[in-house]
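A.B. asks: let's see this in three dimensions:
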Amino acid sequence: MKALLQRWQAMVPREQWLTLGVGFALLGMLYVLLVADPLALRQKQLNGQLEGAKARLLEAQAQRAELQRKREQDPNLGMRSSLLLAQAEHERLLDGIDHETAALIDPPTMRRVLEDLLRAQPGLNLMAVESFSAPLEVPGEAESAKDEKAVAPAVSLYRHGVRLTLEGGYFELIAYLQAVQATGWRLHWQQLDYQVDAGGSGRASIRLELYTLSRQAGWVGV
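C.D. replies: Numbering: from 1, shown residues only. Sure thing, here's the model as predicted:
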């Protein structure tokens, strides 16, 4: 790093700006290769899986409502058995959604991992951290919520994440992003903003937004 700094100081201003431009272009390419493309593909796959599970869940809810109506008209053992079977199917569908999200890092662990990796990365300083949690809107969910006949509780997914404000250089940022990916945990990237101000490239302002999914509401651990 010291040798790189000496080479930087030996450059004329035009060469320094050219080097910065190349570095920013490299950062953009790495972001697309490491983050944007895999994120878009995984998000598309996850949305497809969630839509399929949602459709099956709505079907089970309709069946359960019909069985409940028939049970009230003719309460007998056979109908109660059918209702229990429908409830079991409902639980099976919930388990299927939990299985799809099980590989995702849980919210408290996500924040701890991100902060531990940050402390292990010299050259990056944590300036601010903000947690957020919001319901994840799945296509078709708004329409299904209007169905007043549904008797089973709707399945909700929540997007839990953190917004990190950092200060440091882009080489250190790349090393941090690679360290996060190397953990093997599955999480989603929502935003990466890198801006060089008067402090120079070594003290750039960096904003990261990352999130995970869960059926449990609540904030990422403080």
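
A.B. asks: quick one, helices of this protein?
C.D. replies: Assigned by DSSP state H, the chain shows helices spanning 2-10, 13-31, 37-73, 77-102, 107-119, 141-145, 170-182.

A.B. asks: next, count neighbours for Gln61.
C.D. replies: 23 (other CB atoms under 10 Å). Backbone N, C-alpha and C define where each C-beta goes, glycine included.

A.B. asks: rank the helices of the chain by pLDDT, which is bottom?
C.D. replies: Mean pLDDT values for the helices of the chain show the minimum at helix 141-145, a mean of 49.

A.B. asks: so the nearest residue to Ser156 once chain neighbours are set aside bridges to which residues?
C.D. replies: Spatial nearest neighbour of Ser156, chain neighbours left out: Pro135 (6.0 Å); criterion: CB to CB, 6 or more residues apart in numbering. Beta-bridge pairing of Pro135 under DSSP bridges involves Tyr158.

A.B. asks: oh, and call the first residue 43 from now on, that's how I've got it
C.D. replies: Okay, residue one is now 43; in that scheme the one you just asked about reads as Pro177.

A.B. asks: OK, contacts around Pro177?
C.D. replies: Counting by CB atoms under 8 Å, 6 or more residues apart in numbering, Pro177 touches 198-201.

A.B. asks: what pLDDT does it get?
C.D. replies: 84.

A.B. asks: and the gap between it and Ser256?
C.D. replies: 11 Å (CB to CB, to the nearest Å).

A.B. asks: cool, and Tyr236?
C.D. replies: Tyr236 is 29 Å from Ser256, by CB to CB.

A.B. asks: ok, back up a step: which neighbours do Pro177 and Ser256 have in common?
C.D. replies: By CB under 8 Å, 6+ apart, Pro177 and Ser256 have these common neighbours: 199-200.

A.B. asks: what about Phe218, how many residues close to it?
C.D. replies: One thing to correct before we go on: residue 218 is Tyr, not Phe. Tyr218 has 22 nearby residues by other CB under 10 Å.

A.B. asks: how about Asn167?
C.D. replies: 14.

A.B. asks: same check, this time on Leu219
C.D. replies: Leu219, neighbours per other CB under 10 Å, totals 20.

A.B. asks: repeat for the one 10 residues further on
C.D. replies: When neighbours are counted by other CB under 10 Å, Leu229 registers 22.

A.B. asks: in terms of contact, does it touch Thr254 like I think?
C.D. replies: Yes. Leu229 is within contact range of Thr254, at 5.0 Å (criterion: CB atoms under 8 Å).
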